[in-house]
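Undergrad: Build me a model:
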Amino acid sequence: MATPARRRAWNFGRFAEGLCVWVLRLHGYRILARDYRTAVGEIDIVARRWNTLAVVEVKARRDLAKAAESLTRRQRRRIARAAAAFLMSHPRHAGLAVRFDLMLVRPWRPPTHLKGAWREGE
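TA: Predicted coordinates for the structure are as follows:
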C-alpha cells in the first residue's frame, strides 16, 4: 500500500496531466492518447495540431527548475521508443512531423509548455 505522501504525489501528477490536456485543447491540439504504455516506454500525452504530432511529457514539481531537471536522458530515450511504437501501431499518423514537448506544472500556476524540448537521440 502506498504511503499518504506517495498517494498525494500521484494525485498531483494526475491532476497536472489533466490540466495539461485542458491547456493543449485550448490551444487547438487534438488529444490522441493519454498514458500510452508499451513495453519500451510510456508517453503522458500524444496530441496533434495541424501536421505535427506532439509527444508530451508532463513534469509536476513545486519548483519549475526541478521539474525541468527531472527529465533524464534515459527517460527521453524511452519516450522516443514509445513514440516510435505509437507510430507503428497508428500508421495514419506516420507522415506527421514528430515533436517532443515538455510541460512543467507547479501549484497555482498555469503549465509552462516547452515545444521541441528535445530531439530524438538526445
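
Undergrad: Touching the biggest helix by length in the chain from outside, list them.
TA: Scanning the chain for the helix with the most residues, using DSSP state H, yields helix 4-26. Residues from elsewhere that reach helix 4-26 (CB atoms under 8 Å, 6 or more residues apart in numbering): 2, 31, 34-35, 44-45, 47, 54, 56, 58, 60, 103, 105, 107, 110-111, 113. (Each C-beta comes from the backbone N, C-alpha and C, glycine too.)

Undergrad: One more pass at 10 Å, please.
TA: 1-3, 29-31, 34-35, 44-45, 47-49, 54, 56-62, 67, 101, 103-107, 110-113 (CB atoms under 10 Å, 6 or more residues apart in numbering).

Undergrad: Could you tell me the average pLDDT over it, please?
TA: Averaged over helix 4-26, pLDDT sits at 92.

Undergrad: for stretch 33-48, same thing?
TA: 95.

Undergrad: Give the buried residues for it.
TA: Residues 34, 36, 38, 41, 43-48 are the ones in stretch 33-48 that count as buried (16 or more other CB atoms under 10 Å).

Undergrad: Now intersect the contacts of helix 4-26 with the helices, please.
TA: Using DSSP H, those in helices are residue 67.

Undergrad: Buried subset of the contacts of helix 4-26, written for PyMOL?
TA: Filtering these down to the buried ones (16+ other CB under 10 Å) takes a single PyMOL command:
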select buried, resi 29+31+34+44+45+47+48+54+56+57+58+59+60+61+67+101+103+104+105+106+111+113
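
Undergrad: just checking, which of the buried residues of stretch 33-48 belong to strands?
TA: 34, 36, 43-48 (DSSP state E).

Undergrad: Residue 101 versus the closest residue to residue 30 other than its chain neighbours, what's the distance?
TA: Spatial nearest neighbour of residue 30, excluding adjacent residues (CB to CB, 6 or more residues apart in numbering): residue 48 at 4.9 Å. Per CB to CB, to the nearest Å, residue 48 is found 12 Å from residue 101.
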